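Undergrad: Here is my input, please return the structure:
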Amino acid sequence: MKHTYSITGMTCGGCVSSVREKLSNVSGVEDVEVDLASASAQISMNQHIQLSDLRAALPDKYSISEKKAVVEPIGLPEEKSKWAQLQPLFLIFAYLFGAAILLHVRDWNTNEAMLDFMGLFYIVFSFFKFLDLKGFPESFAMYDPLARAVPFYGWLYPFIELGLGLLFLMRLELQSALIATIVVLGITTFGVTKTLLDKKSIRCACLGTALKLPMTEATFIENAIMLIMAFWMLLA
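TA: Reported below is the predicted structural model:
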């Protein structure tokens, strides 16, 4: 069953992530969708949950009240398909691949094209994270084990991506940048894999909090592509 609630007190993407995480931890909750614009939350549950239990799970700065008394069965085709939700990610990858290929189409060099792709990948993905630098760390910590253990790492991560992107594009310290890529994305990929295996329904922070992307196999593939390229370049 699915209930819609009004949530007051949310002011940014970080608040959205906090409310989603707190409500997701309530026993009986299967999925939580929080929308800042409408100040609402849709909660899918496998049993009826008292409003007082939901209220107790939230920090004092937030308040929750039932918006609709209508209970809807889960499974109705009311949400976008995974393909539709992930279209922004696929579109960005198409642009990145296209740019890397066009830069070297007249004098093709696979290694150089890979370096440009990796540099552009980091620059573009860090840009989206900088759009909500305050809210990103909390969303990122929901699946990245290092960001969960060391919160400051979540704040630092967009700057790490930006720095790696510049190193690849400027062809500086390439070996160090490739090793850093394997370490950084390896940690994240481990968290993504665990999330997928646990079948948790959370948002991917790969494009920050500006775009609402679900954590799916596409997120794993995205990191895997970068890791394969990094290993390939090191071996080459």
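
Undergrad: which is the next helix or strand following the lowest-mean-pLDDT helix or strand in the chain?
TA: Scoring the helices and strands of the chain by mean pLDDT, DSSP states H and E places strand 213-214 at the bottom, with a mean of 62. The helix or strand immediately downstream of strand 213-214 is helix 217-235, counting by DSSP states H and E.

Undergrad: Would you mind writing the CA trace of that following helix as CSV?
TA: Output in CSV follows, covering the C-alpha atoms of helix 217-235 (Å, rounded to 0.1, in the frame of the first residue of the first chain):
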residue,chain,number,x,y,z
GLU,A,217,22.6,-1.7,-12.7
ALA,A,218,23.3,1.3,-15.0
THR,A,219,25.1,2.9,-12.1
PHE,A,220,27.3,-0.1,-11.7
ILE,A,221,28.0,-0.2,-15.5
GLU,A,222,28.9,3.5,-15.4
ASN,A,223,31.6,2.9,-12.8
ALA,A,224,32.7,-0.3,-14.4
ILE,A,225,33.4,1.5,-17.7
MET,A,226,35.7,3.9,-16.0
LEU,A,227,37.5,1.2,-14.0
ILE,A,228,38.1,-0.9,-17.2
MET,A,229,39.5,2.1,-18.9
ALA,A,230,41.8,2.9,-16.0
PHE,A,231,43.1,-0.6,-15.8
TRP,A,232,43.6,-0.7,-19.6
MET,A,233,45.6,2.5,-19.5
LEU,A,234,47.8,1.4,-16.7
LEU,A,235,48.5,-1.9,-18.4
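
Undergrad: Contacts made by that helix with the rest, please.
TA: 82, 86, 89-90, 93, 111, 114-115, 117-118, 121, 174-175, 178-179, 181-182, 185-186, 188-189, 192-193, 196, 204, 206, 213 (C-beta atoms under 8 Å, 6 or more residues apart in numbering). Glycine gets a C-beta too; all of them are placed from N, C-alpha and C.

Undergrad: among those residues, which are in helices?
TA: 82, 89-90, 93, 111, 114-115, 117-118, 121, 174-175, 178-179, 181-182, 185-186, 188-189, 192-193, 196 (DSSP state H).

Undergrad: Next up, the contacts around residue 117.
TA: 96-97, 99-100, 229.

Undergrad: Where does pLDDT dip in the chain?
TA: Applying pLDDT under 70 to the chain picks out residues 68-86, 200-218.

Undergrad: per-domain residue ranges of it.
TA: What the record gives for the chain is the domain set 2-66, 82-235, from automatic domain parsing.

Undergrad: Please tell me how far the longest one is from the chain's geometric centre.
TA: Right, domain 82-235. 10 Å (C-alpha atoms, centre = their mean, to the nearest Å).

Undergrad: about what we covered before: what is the most widely separated pair among the contacts of residue 117?
TA: Using C-beta to C-beta, the two most remote members of the contacts of residue 117 are 99 and 229, lying 15.0 Å apart.

Undergrad: what about those two, which has more around it?
TA: Higher neighbour count among residue 99 and residue 229: residue 229, with 19 against 14, using other C-beta atoms under 10 Å.

Undergrad: can you tell me how far the more buried one sits from residue 37?
TA: Separation of residue 229 from residue 37 (C-beta to C-beta, to the nearest Å) stands at 37 Å.
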